[in-house]
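[1] sequence below, structure please.
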Amino acid sequence: MRAREHDGDHIAAELVRRYVCDDPALTVDETWAVEAHLESCAACREQLASGVAEHAGDVTALLEGVWAELDPAVAASAPQPAGNRWLRHLHAWASPVMLPWFGMTALMLLLALAVDAWTPLLREGYPSMVLLLAPVAPLSCVAAAWSRGLDPAHEVLAGAARGGVELVLRRTAAVLVVVIPLLLVVGWAAGTSPARWLLPCLAFTVGSLALGSFVGIARAAFGLIALWAGAVILPSLFAAGSPLPLEPSATPIWGAALVVGAVVLAARSRAYAWLGSQ
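    Below is the predicted model of the structure:
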């Protein structure tokens, strides 16, 4: 059946009745033709509405039968503990798979603090290990916060109504809320001012999200860690003096990097709504 509204063709009343009643004798082709025609024909949609109202008793009886089976099961089910509701809200800000990465980050910073305190084996003038690690300290946790490979529930969360960049930003904020205070405490113990590492830390975090919209956050985060380790940390182990990227004179560069990363992230925010992008 091909029905075209501009030719004056409409769905036969009998066919509408069979469609409303879900007649098992109705073929797939007939069902498809009815639904395709309804999209473009207001008159037939009104006819369908009338048919639904006419057979509402059948629909009501069906729903009542379904509820009659469901009600005992719903009544017998135990109410959900309040703790589970808290866990659901917590899951919007953090994933259980992030906990080991938080632990690893804390251990890494404590080891760096121990190295700084082990002065007999350190020569004068060498930069603090805490200072060298601080700019990239949150990145492994950020990678775990939104990664198909690291979070088994990634696809479910990415496909949720409030998934995408909003969930990415919430989880990244949760990472910073945990890691930044830890860095402040360890940096204070090492005698390292947050003025030297805070802006680079934020720039790296936002940069990993911006690059993550192209290659995935895990690859972006670990790639930036490898770049920083190869370009700054390793050379600093063999040369005295503070590395140039952590000098006060580099502050405008880090500020510009933070702004560029934020602009790219805003422009590419829709990429986090695509499962294939991660």
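
[2] and this protein, what are its domains?
    5-76, 84-277 (automatic domain parsing).

[3] what's the closest non-adjacent residue to residue 245?
    residue 232 (5.8 Å; C-beta to C-beta, 6 or more residues apart in numbering). (Each C-beta comes from the backbone N, C-alpha and C, glycine too.)

[4] give the contact list for residue 228.
    If a contact means C-beta atoms under 8 Å, 6 or more residues apart in numbering, then residue 228 has 135-136, 204 as its contacts.

[5] let me see the mean pLDDT of whichever strand or helix holds it.
    Per DSSP states H and E, residue 228 falls inside helix 217-228. For helix 217-228, the mean pLDDT works out to 95.

[6] do the same with stretch 61-71
    Stretch 61-71 carries an average pLDDT of 72.

[7] stretch 167-184 now?
    Mean predicted confidence for stretch 167-184 is 93.

[8] CA atoms only for that stretch, dumped as PDB, please.
    Extracted in PDB, the C-alpha atoms of stretch 167-184 (Å, rounded to 0.1, in the frame of the first residue of the first chain):
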ATOM      1  CA  LEU A 167      30.000  13.900  33.500                       C
ATOM      2  CA  VAL A 168      33.700  14.300  32.400                       C
ATOM      3  CA  LEU A 169      33.900  17.700  34.100                       C
ATOM      4  CA  ARG A 170      32.300  16.500  37.300                       C
ATOM      5  CA  ARG A 171      34.700  13.600  37.600                       C
ATOM      6  CA  THR A 172      37.700  15.700  36.700                       C
ATOM      7  CA  ALA A 173      36.600  18.200  39.400                       C
ATOM      8  CA  ALA A 174      36.400  15.300  41.900                       C
ATOM      9  CA  VAL A 175      39.900  14.300  41.000                       C
ATOM     10  CA  LEU A 176      41.200  17.800  41.600                       C
ATOM     11  CA  VAL A 177      39.300  18.100  44.900                       C
ATOM     12  CA  VAL A 178      41.300  15.000  46.100                       C
ATOM     13  CA  VAL A 179      44.700  15.500  44.500                       C
ATOM     14  CA  ILE A 180      45.200  19.300  44.900                       C
ATOM     15  CA  PRO A 181      44.900  19.200  48.700                       C
ATOM     16  CA  LEU A 182      47.300  16.200  48.700                       C
ATOM     17  CA  LEU A 183      49.700  18.200  46.600                       C
ATOM     18  CA  LEU A 184      49.400  21.200  49.000                       C
END
